[in-house]
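# how would this look folded up:
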Amino acid sequence: MNAPATPPLITVKLREATVALLWAQRNDDGETLDAVVARLARIASSVAATFPGLGQTVRSVAAQPRRSRDSGEKYAHVMLGETFHAGTLGEMLAKVIDTLVALDPATVERLAAMRSRKRAFVAKDCKAIYLGRPDLPTLETSSGWWISSNIGVADIERTLRAACKASGLRYGRDIAFLGGMGSGIRNF
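Got it, this is the predicted structure:
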């Protein structure tokens, strides 16, 4: 009886940060990086089937110029494997909303129907973000949605979790807040 053939070993250069991100995606301590890559490929296939044209959309959104840490962009998030940076949490949330609109506009419609305790996550009208409080700051995204520009870390995480619920994505896997540039990558 012949033993099963071992697949050929291929060496690929990866940045240390890429390996760290893959390592952070493990479901448990026993999962190998090969298994992580295979699982992520299955997820990507599933997401691509759910959102036709995803590859083109993500490439066009990811192709937007990004600045370095030194340019004042101090927050980061990962969305569907791509890392984005922003100077404020409001700007970061605007990038998430614009990307979701590009992938599936119905997702943001569902998110608009949700509310946190004090505000809407997104709205088509700036007055609908803070009902009865037009004095509080809002920000219009490039896609025409309004969000609060007065948000903190807990607010951004709450909003990203709600966006995942509205889109069928998973928080910490498909969309993740990495924190401030000085704080390093957060654990999930």
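
# Have a look at this structure and report the helix or strand with the lowest mean pLDDT.
Lowest mean confidence among the helices and strands of the chain (mean pLDDT, DSSP states H and E): helix 54-62, at a mean of 41.

# after it, next one along is what?
Counting by DSSP states H and E, the next helix or strand C-terminal to helix 54-62 is strand 75-79.

# Give the partner strands of that following strand in its sheet and their orientations.
strand 82-86 (antiparallel), strand 175-180 (antiparallel) (DSSP bridges).

# Pick the most deeply packed of the ones you listed.
strand 175-180 (a mean of 19; mean count of other CB atoms under 10 Å). C-beta coordinates here come from the backbone N, C-alpha and C atoms, glycine included.

# low-confidence ranges in the chain?
By pLDDT under 70, the low-scoring segments of the chain are 1-4, 17, 44-72, 181-188.

# Is it correct that residue 94 falls within a helix?
Yes: judged by DSSP: H, G, I helix; E, B strand; the rest coil, residue 94 forms part of a helix.

# Could you give the separation of stretch 115-130 from the chain centroid?
Relative to the mean C-alpha coordinate of its chain, stretch 115-130 is positioned 20 Å out (CA atoms, centre = their mean, to the nearest Å).

# who's in contact with that stretch?
Contact partners of stretch 115-130, identified using CB atoms under 8 Å, 6 or more residues apart in numbering, comprise 97, 108, 111-112, 114, 131, 134, 136, 138, 140, 144-148, 155, 158-159, 162-163.

# Nice, that's everything, thank you.
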